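J.: Fold the following, please.
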Amino acid sequence: MAVRVTGVDKASPAQRADLADTVLLSIDGNEINDMLDYSFYSSGAKLELAVMRGAKLEYLTLEKEEYEPLGCTFESYLIDKKHSCRNKCIFCFIDQLPKGLRETLYFKDDDERLSFLFGNYITLTNLNPHEVDRIKRMHISPINISVHTVEPELRVKMMTNKNAGAVLQYLDEFAAEGIAMNCQLVLCRGVNDGEHLRKSIEKLASLHPAVRSVAAVPSGLTRFREGLCPLTPYDKETAAEALDILEEYGDLYKEKYGVRLIYPGDEWFLLAERPIPPAEYYDGYPQIENGVGMWRKLHDEFMAALPAGRQPLLPRAIDVVTGEAAEPLIRTLAGALQAAHRNVRVTVHCVKNDFFGGNITVAGLLTGTDIIAQLKGRLKSHTLGIPETMLRDEKDKFLDDITIKQLEKALGVRVRILPQDGAALAAALLK
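T.: Prediction:
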């Protein structure tokens, strides 16, 4: 595929070769289809490029440091379009969104390139033989895979895709090539838990060390499920049953491999009303990007940043908003901060997720609408702390498109965005 070079980085090999506004045909005879091809084939110290400069075909020899970026920029980061998901998973959160939200929220990506570049999870159902071969040939690793179940027929049922079971063979093929995999299991009550969960854990563990970690999280169910597969949320008893299985195997693999391998999401402990495990439980947090261990990591970082004795500061106050799941943690952190610093007042407000429904309790899915409705007239200070996870990447809007400025105007406060790193959070609350 010919790709247009829209620009070049300053002082890069591409600038020296004057590649701006050319069409890149190949590198070392290899066609460039996307960013993975470009990154892989441009990593060498001496490159043979075929480019079109206007109507003229040119062959260029370019020398640079090995692995030095070539420095081309393209119309889109991936060079071509993102691969959308072909599945209709019974638990898909996007299918549970109401109409009228930002258009980008409704796009389901299932792109192996985003898995490698940004840590996104893929289901494998989008891969064609060429892409599977490329993963092996380029040794693209690690890959993050949404497995959910290792039973082919059950996976077809859960993902409403006739190919969902057959592609499970790629797990074995990637393991044989030494490609690292991080896996996740989204559990649906009465569907893929219980004995099905045991089968999934045992199969994935058999592929260790290629399978480096497995996260298990409960499905998130909103109130917008009309016409979708009936699912029941986990309660205290059923969450404890699932957690018992996850803990059983985690203990087994910790003794066998030196790591737990299977890591329950924080929600299981909160639902089952059990203590969050200590930091060593998480073996360096291999699934932290999936939210697994986030509670413990934030707690320990925050506590380590506090001084040993009480510290005098000028009087200051801040209100902080959080969701139902994180409320106990945030109240603990606020209490510790106030105990260490006299004259500091942190008022924690728990906001219920009425927008998506009572089964959604994580802070990251709260909307500006609910925050305004539940906090108006209740704030104790002129500053409101908002966790950055509530906002889109640009840190300016909530899921329902309420902006920071609209929130400030509605509540009559100044908003401060609070970081997720524990030490940085402690510092931010003291500013």
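
J.: Can you point out the buried residues in the host helix or strand of Leu197?
T.: Secondary structure assigned from DSSP states H and E places Leu197 in helix 195-206. Neighbour counts over helix 195-206 (16 or more other CB atoms under 10 Å) mark 196-197, 200-201, 203-205 as buried. (Each C-beta comes from the backbone N, C-alpha and C, glycine too.)

J.: Quick one: list the elements packing against the helix or strand just after it.
T.: Counting by DSSP H and E, the next helix or strand C-terminal to helix 195-206 is strand 211-218. Secondary-structure packing of strand 211-218 (3 or more CB pairs under 8 Å, 6 or more residues apart in numbering; DSSP states H and E): strand 181-187, helix 195-206, helix 236-257, strand 262-264, helix 266-271.

J.: if you set the cut-off to 6 Å instead, what comes out?
T.: Judged by 3 or more CB pairs under 6 Å, 6 or more residues apart in numbering; DSSP states H and E, strand 211-218 is in contact with strand 181-187, strand 262-264.

J.: and the shortest one, which strands flank it?
T.: Which is strand 262-264. Here strand 262-264 is paired, per DSSP bridges, with strand 211-218 (parallel).

J.: sorry, back to before: how far out from the middle of the chain is the helix holding Leu197?
T.: What separates the centre of helix 195-206 from the centre of its chain is 23 Å, taken as CA atoms, centre = their mean, to the nearest Å.

J.: what angle do that helix and helix 236-257 make?
T.: 20 degrees (axes from the mean of the first three to the mean of the last three CA atoms, to 10 degrees).

J.: Kindly export helix 195-206 (C-alpha atoms) in PDB.
T.: Coordinates of the C-alpha atoms in helix 195-206 are reproduced here as PDB (Å, rounded to 0.1, in the frame of the first residue of the first chain):
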ATOM      1  CA  GLU A 195     -16.500 -24.600  36.500                       C
ATOM      2  CA  HIS A 196     -16.200 -22.700  33.300                       C
ATOM      3  CA  LEU A 197     -13.900 -20.300  35.100                       C
ATOM      4  CA  ARG A 198     -11.800 -23.200  36.300                       C
ATOM      5  CA  LYS A 199     -11.300 -24.500  32.800                       C
ATOM      6  CA  SER A 200     -10.300 -21.000  31.500                       C
ATOM      7  CA  ILE A 201      -7.700 -20.500  34.300                       C
ATOM      8  CA  GLU A 202      -6.200 -24.000  33.900                       C
ATOM      9  CA  LYS A 203      -5.900 -23.700  30.100                       C
ATOM     10  CA  LEU A 204      -4.300 -20.200  30.300                       C
ATOM     11  CA  ALA A 205      -1.900 -21.300  33.100                       C
ATOM     12  CA  SER A 206      -0.800 -24.200  31.000                       C
END
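
J.: what comes into contact with that helix?
T.: 149-150, 183, 185, 211, 214, 245, 249, 261-262 (CB atoms under 6 Å, 6 or more residues apart in numbering).

J.: Low-confidence stretches in this structure?
T.: 77-84, 102-119, 309-312 (pLDDT under 70).

J.: Name the residues that touch the host helix or strand of Asp370?
T.: Using DSSP H and E, Asp370 maps to helix 368-375. Contact with helix 368-375 is made by 321, 349, 351, 354-355, 398, 400, 402, 407, 410, as judged by CB under 6 Å, 6+ apart.

J.: need the contact list for Asn87.
T.: Counting by CB under 6 Å, 6+ apart, Asn87 has contacts 123, 125, 159, 161.

J.: Most neighbours among those, please name it.
T.: The most crowded member of the contacts of Asn87, judged by other CB atoms under 10 Å, is Met159 (25 neighbours).

J.: In this structure it contacts Cys89, no?
T.: Yes: counting by CB atoms under 6 Å, Cys89 is a contact partner of Met159 at 5.1 Å.

J.: Quick one: the contacts of helix 195-206 as a markdown table, columns for distance to Leu60 and neighbour count too.
T.: Shown next, in a markdown table, are the contacts of helix 195-206 (distance: CB to CB, whole Å; neighbours: other CB atoms under 10 Å):
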| residue | distance to Leu60 | neighbour count |
| --- | --- | --- |
| Thr149 | 50 | 27 |
| Val150 | 48 | 22 |
| Cys183 | 43 | 26 |
| Leu185 | 49 | 23 |
| Val211 | 43 | 23 |
| Val214 | 46 | 30 |
| Ile245 | 58 | 19 |
| Tyr249 | 55 | 20 |
| Leu261 | 48 | 24 |
| Ile262 | 51 | 28 |
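
J.: And for Asn163, nearest residue in space, chain neighbours not counted?
T.: Spatial nearest neighbour of Asn163, excluding adjacent residues (CB to CB, 6 or more residues apart in numbering): Thr125 at 5.5 Å.

J.: and that neighbour, which of the three is it?
T.: Following DSSP: H, G, I helix; E, B strand; the rest coil, we place Thr125 in the coil state.

J.: if I look at it, how far off is Lys162?
T.: Counting by CB to CB, to the nearest Å, the gap from Thr125 to Lys162 is 9 Å.

J.: which ones among the contacts of helix 368-375 are found in helices?
T.: Judged by DSSP state H, the subset of the contacts of helix 368-375 located in helices is 407, 410.

J.: Among the contacts of helix 368-375, which ones are in strands?
T.: 321, 349 (DSSP state E).

J.: helix or strand right after the helix holding Asp370?
T.: Next element after helix 368-375 (DSSP H and E): strand 383-387.

J.: How far does that following strand sit from its chain's centre?
T.: 23 Å.

J.: ok, and what's touching that strand?
T.: For strand 383-387, using CB under 6 Å, 6+ apart, the contacting residues are 318-320, 363, 413-418.

J.: Tabulate those residues (TSV), appending distance to Lys136, secondary structure and neighbour count.
T.: TSV is the format used below for the contacts of strand 383-387 (distance: CB to CB, whole Å; DSSP: H, G, I helix; E, B strand; the rest coil; neighbours: other CB atoms under 10 Å):
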residue	distance to Lys136	secondary structure	neighbour count
Ile318	52	strand	25
Asp319	53	strand	22
Val320	48	strand	22
Ala363	40	helix	21
Val413	54	coil	18
Arg414	53	strand	12
Val415	48	strand	18
Arg416	48	strand	16
Ile417	42	strand	14
Leu418	43	strand	22
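
J.: Farthest-apart pair in the residues you listed, please.
T.: Ala363 and Arg414 (19.8 Å; CB to CB).

J.: partner residues bridging the residue located most distally from the centre of the chain?
T.: In the chain, the residue that sits farthest from the middle, by CA atoms, centre = their mean, is Lys56; the gap is 44.4 Å. Applying DSSP bridges to Lys56 gives these bridge partners: Arg53.
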